[in-house]
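Trainee: structure, please.
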Amino acid sequence: KETPAPAVLPTVAGTPVSEPPAVGEPNRIVIPKVGLDAPVVDVGWKVVERGDQRYTEWETADNAAGRHVNSAQPGEAGNVVLSGHHNTKGEVFRAISDMQVKVGDAIYLYNDQGQRFTYIVDEVTDPPLLEVGATEEQRVANAHYMLPTNDSRVTLITCWPYWTNTHRVIVVGKLAQ
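Mentor: Below you'll find the predicted structure:
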């Protein structure tokens, strides 16, 4: 079977240019400063009912960091959103929950094409954000960290403190140039 030729896009001057390579799926996160090295898998969401209200909740991967399926891919413009357990099922984001990740630390995301993307932490929510028992307004404000962005960033989300899940720690890193 023949391999199809790569797509060619015309330029304004009429000189053809090859189409940029497809962005690969993330498959690993490494934060060397805290010894975090974990697989990345895609996660979706589910609808849950509380009383007479229906909500969507993001699923969290077991023994891996979960990339929210509607978030960006590593290296592209947008927000790569990863969530992970801190006290169960692999404790992938334990170091994040323990507040060991600091502004200036490097986060490496790898994709299935072998590329590494370096993000530098520029925000850590300290104190952690109240989630359980928070007002609806506060929960919506907390959720803004998951929204798409115009810049290239990674957002890591986990629960806090270690013995429960009442708060969220958010780490945001910007793509290094």
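Trainee: and for Leu109, the neighbour number?
Mentor: Leu109 is flanked by 25 other residues according to other CB atoms under 10 Å. (Each C-beta comes from the backbone N, C-alpha and C, glycine too.)
Trainee: I misspoke; the intended subject was Pro127.
Mentor: Using other CB under 10 Å: Pro127 sits among 9 other residues.
Trainee: quick check: next helix or strand after the longest helix anywhere in the chain?
Mentor: With secondary structure taken from DSSP state H, the chain has its longest helix at helix 136-143. Downstream of helix 136-143, the first helix or strand assigned by DSSP states H and E is strand 152-160.
Trainee: still on that earlier bit, now the longest helix of the chain, how far from the centre of its chain.
Mentor: Here helix 136-143 is found 18 Å from its chain centre; the criterion is CA atoms, centre = their mean, to the nearest Å.
Trainee: and that helix, what does it pack against?
Mentor: In terms of contacts (3 or more CB pairs under 8 Å, 6 or more residues apart in numbering; DSSP states H and E), helix 136-143 is packed against strand 129-130.
Trainee: mind giving me the packing neighbours of the strand it packs on?
Mentor: helix 136-143, strand 167-175.
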